[in-house]
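Asks: Could you look at this predicted model? Sequence included:
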Amino acid sequence: MSKLKYEETHFIERMEKDFEFMLKRIEDMRRFQLGDYLIGFRKRDPEYNATISEYEHMSEPILNSYGLPTKFKVVAVDKNGIPYIKELNKKGIPFGRLIVTVDFNTDEFDGAQDIYKVDPDYTDSIILGESEFDPTKTQKIKSNLHKDITKHNKSHKINTHDLKEIDTFLSTLTVNTVIWKSNTKSWTITKMMRHSVPKDVSQRHKWETPLFEVQDSKGSIFEISVNDIRYKALYKERPRTYKELNNI
């Protein structure tokens, strides 16, 4: 072999690294078959040229608005065995642009493209012998739960913007009533002082007058006036948190 310049040797080494990555990617993607369901991963730092061993550790799942992995389906496979995919909509139907699972920048390869793996839910479905796989099953469950949480919180939220509504709510309060500020914070009424509020703006100086005494979640005791509750997020029942979605 002819003696090469340093920059030429460096160029070959860089291309060798890039081709190794490309060939490994092609080998990995060829394992997918028409009709397979996949999930995707995206490199956190597109400017960093990762090695094959680094790539998976430096990637994070491509997620949808519910925090679930975005699902894809193999809709075509070319004569070279390279699969082409489309994202699934909320009904589990492929839509949008066609995505090639092996896509390299021919000007200057930087290893920044997404990578794909078989959807583990799809694998479980095959192992369990299910006759039909529903790729949106988890998303539907999570969507319904999201709606349930929203409905629950909305139905128990106190209208603190309207003085008449505050007055109506005040008339229902008794000692030991619990008012929730969040999923973890609450007030327990220890003493009632007034059962109505001044609704005339000309009497707004009275909005500082204590309405009732409470003990909070940390054990502190203090008085509450109209100004302490007006325009605040308060609930008659403990509000649910959207963190419940993470348990699915």
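Replies: Thanks, I have the structure now.
Asks: alpha carbons only for contacts and neighbour counts from here, please
Replies: Will do.
Asks: Point out where this protein drops to low pLDDT.
Replies: For the chain, applying pLDDT under 70 flags the ranges 1, 44-58, 103-113, 199-202.
Asks: Return the distance of the spatially most central residue of it relative to Tyr242.
Replies: Residue closest to the mean C-alpha point of the chain, counted by C-alpha atoms, centre = their mean, is Gly67 at 2.7 Å. Distance, Gly67 to Tyr242, by C-alpha to C-alpha, to the nearest Å: 11 Å.
Asks: and if you look at Asp134?
Replies: Distance from Asp134 to Tyr242, by C-alpha to C-alpha: 24 Å.
Asks: Who is Val100 paired with across the strands?
Replies: Counting by DSSP bridges, Val100 is bridged to Tyr84.
Asks: Val74 now?
Replies: Beta-bridge partners of Val74, counted by DSSP bridges, are Ile85.
Asks: Provide a list of residues in contact with it.
Replies: By C-alpha atoms under 8 Å, 6 or more residues apart in numbering, the contact list for Val74 reads 32-38, 83-86.
Asks: Take the residues you listed and lay them out in a markdown table including distance to Tyr231.
Replies: Shown next, in a markdown table, are the contacts of Val74 (distance: C-alpha to C-alpha, whole Å):
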| residue | distance to Tyr231 |
| --- | --- |
| Phe32 | 55 |
| Gln33 | 56 |
| Leu34 | 55 |
| Gly35 | 53 |
| Asp36 | 51 |
| Tyr37 | 47 |
| Leu38 | 46 |
| Pro83 | 55 |
| Tyr84 | 52 |
| Ile85 | 49 |
| Lys86 | 46 |
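Asks: Identify, from these, the entry nearest to Asp162.
Replies: Lys86 (49.3 Å; C-alpha to C-alpha).
Asks: Mind listing what's buried along whatever helix or strand Ile166 lives in?
Replies: In this structure, Ile166 sits in helix 163-170 according to DSSP states H and E. Judged by neighbour count (16 or more other C-alpha atoms under 10 Å), helix 163-170 contains these buried residues: 163, 166-167, 169-170.
Asks: Could you verify my assumption that Gly40 touches Leu68?
Replies: No. Look at Gly40 against Leu68 with C-alpha atoms under 8 Å: they stay out of range, at 11.2 Å.
Asks: Helices along the protein, start to end?
Replies: Using DSSP state H, the helices found in the chain span residues 6-29, 52-55, 120-127, 137-156, 163-170, 226-229.
Asks: Tell me how the protein divides into domains.
Replies: 6-134, 142-247 (automatic domain parsing).
Asks: Look up which residues are beta-bridged to Met116.
Replies: That one is not Met; residue 116 is Tyr. Residues in beta-bridge contact with Tyr116 (DSSP bridges): Gly40.
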